[in-house]
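[1] A predicted structure for the sequence below; I have some questions about it.
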Amino acid sequence: MSEKKEYEYGPVATNENGAEVDAVRFNTESNGVTILSQNTMVSQQNHNSQPGDKKFLYLAACAANLAAFTCGQAFGWTSPEIPILKSNGTENPLGQPINPSQEGWIGSFLPLGAMLGPFAAGMVADSLGRKKTLLVGTTPFLATFLLGALGGSVNMYYLSRFLAGLAVGCIFTVLPMYIGEISDNETRGQLGSFMQLFIVVGLLFSYALGPYLPFATFNYICLGIPVVFLIYFFMRIPESPYFLVLSGNCEAAIDSLVKLRSKSRDSVQKEIEEIKLAVDDATTNKKSFFDIFKERSLTMALVISVSLVALQQFSGINIVLFYAQDIFTNAGVSLAPEICTILIGIVQVIASGVTPMLVERKGKRFLLLLSAVGMAISQGALGYFFYVKDGGNDVSNLSWLPVASLVLYIIAYCLGFGPLPWAVMGELFPGEIKAAASTVTASGCWLLGFLITKYFNVVTELIGTGGSFGFFAACCLFAAGFVWKCVPETSGKSVQEILDILGGNTKA
C-alpha cells in the first residue's frame, strides 16, 4: 500500500498540445481552465499567502455541532425522565408507573436505532452530500421530542427513543466527516474535539433542566435546539468542499472554500487542487469492507478499532449516562440525586475541555491506559459500595463514595475511552477503506450499547448491583491490558507508518 503524499502544489498544468504551463485556475464562466501569465501567477502566489479570518470556520463548526448537542440532550433525557415515568405522581404522563422491562426498552431503543443509523448515513453521504445528510439525519429529533411531549403510551416513548437513535447513528457517522473536510490543517484537531464537548454540554442541559421542569415543557425546550440547527445550518453554512469536488461541482467547491476561509477566489486555488488530488486518489483506490481481511495490518486495525469501542461500552458508560439519577437514588446519597447528576455533568464538560490539550502532550496510548485504570478503580469502588449496601450493612459513613466514584469515572472516561477510540479509528485506516470500516465499527459499538442497556436490569437482578459494577471494573482492567499489549501510539504518525507497525514491518 503506498503512502498518500501531501502535495505542496497542484499537478503540473498543460495546454491542449501537452506543453507545460505556469499555472491553472478555474474559469467561472466556462468550467474550463484559464492559462495564467507569469505576472498573474506571481499575483496568485501573493493571494495564496493571504491569511484569511477563521471566525466563520469556527462558527460553521459550532453550528454543525448543534447536532452533537442534540445527541447529548437525547443521551441525558432518560436520567431525569425515567424516574418520572416510574412514579405514581400526577407528573407521570402515562398515568401509571412503567415496569422494569419497559424501563429497559426505553433505555435501550436509542442504541438499537443508533446501530442502524451509520448504515443509512453511509449510503447517502456520498450521494446526497454531508450537509444534506446531516440535515436529514437530525430531522428525527423533531419527532423524538414531540413524541416525548405528547406521548400518552409507552409505545410512543419506544418510538421516540428509536428515532433518536437513528439520528444519533447518522450524526456520529457524518459529523466528524463534515468537520474534517471543512477544517484546514491548523484547526482540524481542535475543531474535531468540538463534538465531544458539545455532546457533554447537551447532557448537562438535560441533567440541569429535566428534573425541575414539567415533562412536556422539558421536551418542548429540547425541541428548540434541533429547530435552530436545521434553520441556521441550512441557510448559512456551506457544503463540504471535498464533497462538492467529489460530485464534480468545482465552482461550488471554490465558493464554499471562499466562505469557510474568508479568502479570495484566487487564494483558495491551491487547496482546491489538493482536494482534487485527494478525491482522485480515494476514487481510484476505493476498496470494499472485505478487502480489509486481505492484509494483516488492516485486519489488526479493524480488531483494534472494534475492540476499543466495545471496551468503551463495557466500561458501563451508557448505564451511567442513562441512569445517573437512579444510581444516586438507589445509593441513598445525602445530596439530592438530581444535584449529584448535575455535578457529574459539570465534571464531564470540564474534563472534555481538558482532553485535547493532554492528547498533544501525552499521546493517545498513555491517556487510554490512564483512562482504563481510572475507570476500573471507580467502578470497583462503586461495586463495593453496592455490595456492602445490598448486604444489609450500614453505609451512612460511605455516602460520599458513589459521588466520588462517578466523578472519578467521568473524568477518567472523558480523558481517554470517551473520545479517543473514535480518534484512533480515524487514524488507523486509509481513506479508501475508512468509510466502510467506520460504519462497521460504529454499528458494532451501538449493538453492544443496546445489549448492555437492555439487559442491565436483568443482570443486576441475578448478580446484584454490586456485581454488575464489579463486572464493569473487570472489563476496564481488561481494557488496560489490551491497550498495553495491542494498541500502538498513533499520534504524530502517518496512516502508512501505523499500518507498518500493525503489519509487523516496524516497531512501535
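    That came through, no problem.
[2] hmm, who's touching stretch 59-66?
    Residues from elsewhere that reach stretch 59-66 (C-beta atoms under 8 Å, 6 or more residues apart in numbering): 134, 175, 178-179, 182-183, 191, 194-195, 197-198, 225-226, 228-229, 232-233, 236-238, 260. (Glycine included, C-beta is placed from N, CA and C.)
[3] Restricted to helices, list those.
    Secondary structure from DSSP state H places 134, 175, 178-179, 182, 191, 194-195, 197-198, 225-226, 228-229, 232-233, 236, 260 of these in helices.
[4] Give the buried subset of those residues as a ChimeraX selection command.
    Selection of buried members from the ones in helices among the contacts of stretch 59-66 for ChimeraX, criterion 16 or more other C-beta atoms under 10 Å:
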select :134,175,178,179,182,191,194,195,197,198,225,226,229,233,260
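[5] Out of the helices and strands in the chain, which is least certain?
    Least confident helix or strand, the chain: strand 33-35 with a mean of 35, by mean pLDDT, DSSP states H and E.
[6] Show me where the stretch 101-250 of the chain has its helices.
    Assigned by DSSP state H, counting those that start in this stretch, the helices in the stretch 101-250 of the chain fall at 130-138, 140-150, 154-182, 188-192, 194-209, 215-236, 241-246, 250-261.
[7] out of those helices, nearest to Lys276?
    helix 241-246 (5.6 Å; C-beta to C-beta).
[8] give me the number of residues near Gly504?
    Around Gly504 there are 10 other residues, counting by other C-beta atoms under 10 Å.
[9] nope, Ala336 is what I was after
    Close neighbours of Ala336, defined as other C-beta under 10 Å, add up to 13.
[10] so what's it scoring on pLDDT?
    Per-residue confidence (pLDDT) for Ala336: 80.
[11] tell me the contacts of Val342?
    Val isn't right for residue 342; it's Ile. Going by C-beta under 8 Å, 6+ apart, Ile342 touches 204, 207-208.
[12] hmm, 6 Å instead?
    When contacts are counted by C-beta atoms under 6 Å, 6 or more residues apart in numbering, Ile342 touches 207-208.
[13] just Phe172 next, same as before
    Taking C-beta under 6 Å, 6+ apart, one finds Ala442 in contact with Phe172.
[14] in this protein, which residue is closest to the centre?
    For the chain, Phe172 is the residue whose C-alpha lies nearest the centre (C-alpha atoms, centre = their mean; 4.6 Å).
[15] What distance do you get for Phe417 to Val424?
    Separation of Phe417 from Val424 (C-beta to C-beta, to the nearest Å): 11 Å.
[16] who's more crowded, those two?
    It is Phe417, of Phe417 and Val424, that has more neighbours when counted by other C-beta under 10 Å, with 27 against 24.
[17] Would you confirm that that one contacts Gln312?
    Yes: at 4.9 Å, Phe417 counts as touching Gln312 under the criterion of C-beta atoms under 6 Å.
[18] Kindly list the longest helix within the chain.
    In the chain, taking DSSP H as the definition, the longest helix is helix 431-486.
[19] immediately after that one, which helix or strand?
    Downstream of helix 431-486, the first helix or strand assigned by DSSP states H and E is helix 495-502.
[20] Report the backbone C-alpha coordinates of that following helix in PDB.
    Taking C-alpha atoms only, helix 495-502 is exported to PDB below (Å, rounded to 0.1, in the frame of the first residue of the first chain):
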ATOM      1  CA  VAL A 495      -1.500   6.100   8.300                       C
ATOM      2  CA  GLN A 496       1.200   4.100   6.500                       C
ATOM      3  CA  GLU A 497       3.500   4.300   9.500                       C
ATOM      4  CA  ILE A 498       0.800   2.900  11.700                       C
ATOM      5  CA  LEU A 499      -0.100   0.100   9.300                       C
ATOM      6  CA  ASP A 500       3.600  -0.800   9.000                       C
ATOM      7  CA  ILE A 501       3.700  -1.200  12.800                       C
ATOM      8  CA  LEU A 502       0.500  -3.300  12.800                       C
END
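[21] For that helix, which helices and strands make contact with it?
    Helices and strands touching helix 495-502, by 3 or more C-beta pairs under 6 Å, 6 or more residues apart in numbering; DSSP states H and E, are helix 296-314.
[22] repeat that with 8 Å
    On a contact count with 3 or more C-beta pairs under 8 Å, 6 or more residues apart in numbering; DSSP states H and E, helix 495-502 meets helix 296-314, helix 420-428.
[23] Can you give me the neighbour number for the residue lying closest to Gly449 once chain neighbours are set aside?
    Of all residues not flanking Gly449 in the chain, Pro111 sits nearest, at 3.5 Å (C-beta to C-beta, 6 or more residues apart in numbering). If you count neighbours by other C-beta under 10 Å, Pro111 ends up with 26.
[24] Could I get the contacting residues of Pro111?
    Pro111 makes contact with 165, 318, 446-447, 449-450, 453, according to C-beta under 8 Å, 6+ apart.
[25] how close does it get to Ile327?
    The spacing between Pro111 and Ile327, counted by C-beta to C-beta, is 18 Å.
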